[in-house]
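Enquirer: Quick one: sequence and predicted model below, then my questions.
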Amino acid sequence: MNLQGINHLAFITDDMVKTIRFYRDLLGLKLSTGIGHEGYRHYFFQFPDGVTHVAFFEYDGASVMNRKFPGDRTSLPLGFDHVSFSVDSREDLFGLRDRLEVAGLEVEGAVDHGLFWSIYFYDPNNIPLEATWQFMDVLKYPAMSEDDPLDIVNEGCDAQPGHWPAVKNPTAESDMCAESGNGHPMRQHFLAQGLARFSSGVSRDFQNSLLSSDTDPNKT
Ligand SMILES: [Fe+2]
């Protein structure tokens with residue numbers, strides 16, 4: 001079992017239209033999937049890798065964030081600071097800054113962070129964003145630049161055994177089930193409309209079990 005990367009970051013918007021204008025039309029992400037019903041939307045924007053997404057919930061009563069600049073210290077009960085997106089080149093970094101500035105948006109930087117340069121800006125929901133052009137490769141991990149490194153860092157970059165309990169009773173395949181969530185109707189709808197298909201490598205048995213449960217709500 002290995003985590004492969006970020007599938008989606010999920011944020012809140014009070015206005016999906018302005019959010020689409022920003023992420024699709026200004027940043028250039030693909031508006032990929034979405035679901036909506038009365039007073040509620042959940043839309044996804046896809047990066048060119050086809051895997052990573054930024055998602056938004058829009059619902060009645062939602063409001064924009066309070067602004068906090070990336071990295072600024074706060075004692076507020078916040079667990080989120082900012083999100084950084086990668087760009088491929090110096091030209092892309094400054095090209096994005098140009099587009100943001102022409103759009104009348106506030107942009108800070110570029111800032112030289114040693115291994116990469118960054119610009120900082122906000123989306124229409126005041127979500128603090130960064131675009132990063134990394135131009136150096138790290139050759140040995142963990143590579144730290146710290147006066148007094150933590151002892152735990154000296155243990156190495158890879159998972160250290162013995163700190164968490166081992167699984168003694170792994171979930172049986174017959175118990176690997178999922179309850180129906182808000183996006184469940186997308187499968188039937190997208191299959192019927194030719195908007196989606198099962199991913200390669202998904203077994204025929206699994207596909208059939210889902211299709212039979214979709215058509216028989218009493219079957220799980
Ligand atoms: Fe950052």
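Expert: Great, that's in hand.
Enquirer: alpha carbons only for contacts and neighbour counts from here, please
Expert: OK.
Enquirer: List the residue ranges of the protein that fall below the pLDDT cut-off.
Expert: Within the chain, the set of residues satisfying pLDDT under 70 comprises 1, 216-220.
Enquirer: Spell out the secondary structure type for the closest residue in space to Q188 that isn't next to it in sequence.
Expert: Sequence neighbours aside, D214 is the residue nearest to Q188 in space, at 7.2 Å (criterion: Cα to Cα, 6 or more residues apart in numbering). Assigned with DSSP: H, G, I helix; E, B strand; the rest coil, D214 falls in the helix class.
Enquirer: Compute the distance between D214 and E173, please.
Expert: Note on D214: its distance to E173, by Cα to Cα, to the nearest Å, is 20 Å.
Enquirer: more crowded one of the two?
Expert: Higher neighbour count among D214 and E173: D214, with 17 against 7, using other Cα atoms under 10 Å.
Enquirer: wait, doesn't the more buried one sit right on H189?
Expert: No. Using Cα atoms under 8 Å, D214 is not in contact with H189; the gap is 10.7 Å.
Enquirer: Need phi/psi at S84.
Expert: phi -110, psi 130 (degrees, to the nearest 10).
Enquirer: Next up, the contacts around it.
Expert: S84 is in contact with L129, E130, A131, T132, counting by Cα atoms under 8 Å, 6 or more residues apart in numbering.
Enquirer: got a list of what the closest residue to it other than its chain neighbours touches?
Expert: Counting by Cα to Cα, 6+ apart, the nearest residue to S84 once its immediate chain neighbours are dropped is E130, at 4.3 Å. E130 is in contact with H82, V83, S84, F85, S118, I119, Y120, F121, counting by Cα under 8 Å, 6+ apart.
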